[in-house]
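# Any chance you could fold what I've pasted below:
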Amino acid sequence: MRSELDQILFNEHDGPVLALAFNPEGAVLASADAQGTVKLWDIAGEALLASLRGHTSAAWSVAFSADGRYLASGSHDGTVKLWDTATATQRLTIRPDESAVWSVAFSPDGKLLAIGCASGIIALFDADTGKEWGVLPGHGQPVLSLAFAPDGKTLASGSEDMTAKIWDVQL
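Okay, the predicted model is just below:
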């Protein structure tokens, strides 16, 4: 058994690691790098499960759906890729606007995907179909962070404009 200070080294990236997320069980780690590659790691087995390639520029954010079936990755190339984690295949590509994507977050029920863009907008998409649900145009600078409240009805956003905002996103 590992002590608290033990570490596992995953060193198969070709550039700086920009984003990390654990799946809901904590058994798989997603890591995204400056080359746009997203990797899935088996924590217990200390092994690479998959390299997900599709972005053409730095991948700034990753988030798992609540059931762990899907992973969203947001990139400087202006796209969000939605990946099936069981098959390590790309399900959807979403382009919310023409700017870079800095942050992504799934609602707790996994139905809604929030995307924070360099343009300052937050785009909301149906995570199953990729259909746009709405746009929240409240920030004047890039949206760097997003978090849903446990009830799934409230979304928080943080921006380079030095504000944090709370949004009502009830479906």
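
# any idea which residue sits dead centre in this structure?
The residue lying closest to the centre of the chain (C-alpha atoms, centre = their mean) is Val62, at 2.7 Å.

# Against which helices or strands is whatever helix or strand that residue lives in packed?
Element membership of Val62 [criterion: DSSP states H and E] is strand 59-64. Applying 3 or more C-beta pairs under 8 Å, 6 or more residues apart in numbering; DSSP states H and E, we find strand 59-64 packed against strand 17-22, strand 28-33, strand 70-75, strand 101-106. Yep, even glycine has a C-beta here, placed from its N, CA and C like the rest.

# highest average neighbour count across these?
Highest mean neighbour count among the helices and strands packed on strand 59-64 (mean count of other C-beta atoms under 10 Å): strand 70-75, with a mean of 26.

# In the chain, where is pLDDT below threshold?
1-9, 171 (pLDDT under 70).

# that older thread, might you report the residue contacts of the residue nearest to the centre of the chain?
Shown in contact with Val62 (C-beta atoms under 8 Å, 6 or more residues apart in numbering): Ala19, Leu20, Ala21, Ala30, Ser31, Ala32, Val38, Leu71, Ala72, Ser73, Gly74, Val104.

# and if you look at Thr79?
Gly54, His55, Thr93, Ile94, Arg95, Val101.

# Then Leu18?
Here Leu18 is in contact with Ala32, Asp33, Ala34, Ala58, Ala59, Trp60, Ser61 (criterion: C-beta under 8 Å, 6+ apart).

# ok, and the most crowded of those?
Neighbour counts for those (other C-beta atoms under 10 Å) peak at Ala59, which has 30 neighbours.
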